[in-house]
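Enquirer: coordinates only, no sequence provided:
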């Protein structure tokens, strides 16, 4: 409500409300789609809990209800996110006209904190309800159902949103080269779709993804505690401690945000210039340090003695600290490759001066590859700290203490959850604010200076406003990039804990069949190889959906854009571009989901330890592929920003080269890379049910089902390219036109 009450000019408000209306249409369409996908997952859960576990009907229904609540949670926070962001974008654009940079920074951050705090609080409340009010005998299955539901919702919204936003972004950006028009030109029908995509891909997707990440990581730790800790008293102590840590994280984030607000307001409230990245960096580090301090304090108060060991409180706190510090260290490493001031981004710009788009692309690929190396070293080092501490006596209270340590590191990654989500959500608001400014055509409105002076009491500063919005968008790009490795790192490290739960089931608590968990067992090795194949298919399938959709969007925009005698694109044309984006986002998501779904069933049925190898492989391949793609895309994006803002070189060959690099990077950073996070977690969670179902079947039955499920998966792998080809779209258009002429 605070955001809604901020002043805004009617021309900007109209644009932001139009963006919200198109976002609503998109989300309603996606909601129906997700419910269809839930039908597939619900059927498996009914078979698993009703047939395999012999739960009575009421219990199975309860588990399905919590699965729907998980979907509803992901969907609900996504809806809340777009509403908050579409309040904030027009208010940020209008605030920039005052000629001071501070409001241009403060409003997007306030919006992000609203989303982050709401998201984490709702997820925590839902999990506490399961823990406190669901009967003990099926609270665990309800946690699993809830986690699968939120993972399904996040996967659909993240993948489809990523495809949608990059179709729109590429379609809009390429017009700058084709027609030599300015950024977010109001005459371009693709700009409204681009703004919708900023919310669909960079707000809806991350909000649902963040909600699911916090839930799944918690479920993984709860599952571990119940399976690996033998003493019931220690189980209770650890569960209470885990939930207390979650509450502490929210308190630390809110407190740090308020302190940061006071500090930055004192520094920049009346400043004429500011480094937009500096206060965001300060907030991240402040929250990390406050979270670390509170972790030790709360742990000492809650578990001064755990299983007879009075040193366990600081050991567990130290492990979480490794993860919490990762939430601040990883963004700093990412900025080395994606910040507007980084040497890698400058290298991309320099290479483009003489080498054009070719060297621009190669330099961006180089940045992504180097970033994967250094990020891998950082993550291994932090996990290594957890492993070292776990070897100092944790085996007295649990099995496989190193796995628990890795789960706590992932938990610590999320130690400043609301702030992590806030700086991620900062980007789509800054991006939208720039677009809202241009689409409002406020500079061309007759008498607007006098109107604003009369109604709002200040003089307009158009040049400063445009500069601040563009500069702040660069900071938004950087911090969008910094949040991605944190979330993908959490997915991979957290998946380790969930895979352990599957291993515990298959080995009867690590007592039998351990000889199969080695590369000497051929199926396990083959599973490791298969996981890499699936990750590379996924990258290709999601990028193909973007390529084909962008082609159709560009085709439509070029045919319908009106540059002479028009000040704005028609609403009808803008909505048509949104329709094209939605169509290809859903087609791409449908193929991807069915391949993931049937591949999981096929590999679980084929051989249980083959499936374990497969899960480990998709986590590891997915980690490095996602980091590489996200940071390469971030480098290309901010190289374009340097050319536009610092070098003032719009409309030049250098700018054209940077736009090409940026459009190559679009599906890298905002489609394929970010969607691996929910895909890894969904596959692991769903795999827990699938592999247990498979173990109850005869070998012959398993192999027959594996063959059937794999054949279905291969059909949709084939469709993800051959039915999504650009040429197929061209032929369809030609057929439609021929039929129309014949009629």
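Expert: Structure received. Keep in mind that this is a model prediction, so the values were computed, not measured.
Enquirer: in the stretch 151-300 of the chain, which spans are helices?
Expert: 190-199, 205-228, 232-268, 277-302 (DSSP state H, counting those that start in this stretch).
Enquirer: what mean pLDDT would you report for stretch 573-588?
Expert: The pLDDT scores in stretch 573-588 average 91.
Enquirer: that one: which residues count as buried?
Expert: 573-582, 584-588 (16 or more other C-beta atoms under 10 Å). Using the backbone N, CA and C atoms, a C-beta is placed for each residue, glycine as well.
Enquirer: now do the SS call for residue 99.
Expert: In three-state terms, and counting by DSSP: H, G, I helix; E, B strand; the rest coil, residue 99 is coil.
Enquirer: thought it was touching residue 465?
Expert: Yes: with contacts counted by C-beta atoms under 8 Å, residue 99 reaches residue 465, the gap being 7.2 Å.
Enquirer: when those two are compared, which one has more neighbours?
Expert: residue 465 (25 against 16; other C-beta atoms under 10 Å).
Enquirer: would you agree that one is in contact with residue 101?
Expert: No: between residue 465 and residue 101 there is no contact under C-beta under 8 Å: 10.0 Å.
Enquirer: residue 493: what's it in contact with?
Expert: 323, 379, 383, 406-407, 409-410, 413 (C-beta atoms under 8 Å, 6 or more residues apart in numbering).
Enquirer: got the angle for the helix or strand harbouring it vs helix 205-228?
Expert: Residue 493 is part of helix 462-506 when elements are defined by DSSP states H and E. Orientation check (axes from the mean of the first three to the mean of the last three C-alpha atoms, to 10 degrees): helix 462-506 against helix 205-228 gives 20 degrees.
Enquirer: average pLDDT for helix 462-506, rounded please.
Expert: Rounded mean pLDDT across helix 462-506 is 85.
Enquirer: now it, how far from the centre of its chain.
Expert: Chain-centre distance of helix 462-506: 6 Å, with C-alpha atoms, centre = their mean, to the nearest Å.
Enquirer: I'd like to know which elements the helix or strand following it is packed against.
Expert: The C-terminal neighbour of helix 462-506 among helices and strands, as given by DSSP H and E, is helix 522-560. Packing contacts for helix 522-560, counted by 3 or more C-beta pairs under 8 Å, 6 or more residues apart in numbering; DSSP states H and E, involve helix 136-178, helix 190-199, helix 571-606, helix 608-641, helix 653-667, helix 673-695, helix 699-722, helix 726-742.
Enquirer: and helix 522-560, how far out from the chain's middle?
Expert: On C-alpha atoms, centre = their mean, the centre of helix 522-560 falls 17 Å from the chain's centre.
Enquirer: with stretch 441-449 instead?
Expert: 38 Å.
Enquirer: could you pull up the mean pLDDT of that stretch?
Expert: On average, stretch 441-449 scores 90.
Enquirer: next, the buried residues of it.
Expert: 442, 448.
Enquirer: and stretch 301-316, by the same measure?
Expert: For stretch 301-316, by 16+ other C-beta under 10 Å, it's 303, 306-307, 309, 312-316.
Enquirer: one more: stretch 282-289?
Expert: 282-289.
Enquirer: ok, now stretch 458-467?
Expert: 460, 464-467.
Enquirer: and what of stretch 347-357?
Expert: Of the residues in stretch 347-357, 347-349, 351-352, 356-357 count as buried by neighbour count, 16+ other C-beta under 10 Å.
Enquirer: just checking, residue 444 touches residue 567?
Expert: Yes: using C-beta under 8 Å, residue 444 makes contact with residue 567 at a distance of 6.7 Å.
Enquirer: in the stretch 1-150 of the chain, what spans have low per-residue confidence?
Expert: Residue ranges of the stretch 1-150 of the chain with pLDDT under 70: 1.
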